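1. the sequence and its predicted three-dimensional model are supplied below.
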Amino acid sequence: QMVEDPDELAVLEEIQRELVLQEQLVIEEYERSLQFDEECLNAMLDGLEASDKIICPVCRKNNLTVRNHLVLCQCGLYITTQDMTEEKLRTLLENTITEHSSRCFHNPEFTVTSGMEEETSLLMSCSVSLNVRSLE
């Protein structure tokens, strides 16, 4: 059926333009939603990658940096070491905390102490179990 009335044709063309515009708006909203989902996923992946970092056991806020023969933190932790890597430090901390947790339900505290020869050490202590251990 052909529409011959110019007024009806103009109305149908206007309806068609409105439908196309609504379709474009729906597509744009969908694309924004996809972009938001992608940004959320990237933020979660960045968080997972950051979880490989070692959180400072002293301040429990910042990540530790292991460089050359040093272990550093923004909180002021500064320990000279020999042949320390992030993996070795992570393993040492995990093993020490796991060993403590097998005997005590309380969280140990970590401090930095100066030794006899001006060398600093990371010391784990627990006031409940009276457990003190130097991490070397």
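-> That came through fine. Numbers count the residues shown, from 1 in each chain.

2. now the helices for this structure?
-> All helices of the chain, identified by DSSP state H, fall at 6-50, 86-103.

3. return the most buried member of the ones you listed.
-> Highest mean neighbour count among those (mean count of other C-beta atoms under 10 Å): helix 86-103, with a mean of 13. Glycine gets a C-beta too; all of them are placed from N, C-alpha and C.

4. output it as PDB - backbone C-alpha positions only.
-> Coordinates of the C-alpha atoms in helix 86-103 are reproduced here as PDB (Å, rounded to 0.1, in the frame of the first residue of the first chain):
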ATOM      1  CA  GLU A  86      61.100 -10.500  46.600                       C
ATOM      2  CA  GLU A  87      60.400 -14.200  46.300                       C
ATOM      3  CA  LYS A  88      62.800 -15.100  49.100                       C
ATOM      4  CA  LEU A  89      61.300 -12.400  51.300                       C
ATOM      5  CA  ARG A  90      57.700 -13.400  50.600                       C
ATOM      6  CA  THR A  91      58.500 -17.100  51.400                       C
ATOM      7  CA  LEU A  92      60.300 -16.100  54.600                       C
ATOM      8  CA  LEU A  93      57.500 -13.900  55.800                       C
ATOM      9  CA  GLU A  94      54.800 -16.500  54.800                       C
ATOM     10  CA  ASN A  95      56.600 -19.400  56.500                       C
ATOM     11  CA  THR A  96      57.300 -17.400  59.700                       C
ATOM     12  CA  ILE A  97      53.700 -16.200  60.000                       C
ATOM     13  CA  THR A  98      52.300 -19.700  59.200                       C
ATOM     14  CA  GLU A  99      54.500 -21.200  61.800                       C
ATOM     15  CA  HIS A 100      53.300 -18.600  64.400                       C
ATOM     16  CA  SER A 101      49.700 -19.100  63.400                       C
ATOM     17  CA  SER A 102      50.000 -22.900  63.900                       C
ATOM     18  CA  ARG A 103      50.600 -22.200  67.600                       C
END
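
5. distance from that helix to the middle of the chain?
-> Offset of helix 86-103 from its chain centre (C-alpha atoms, centre = their mean, to the nearest Å): 20 Å.
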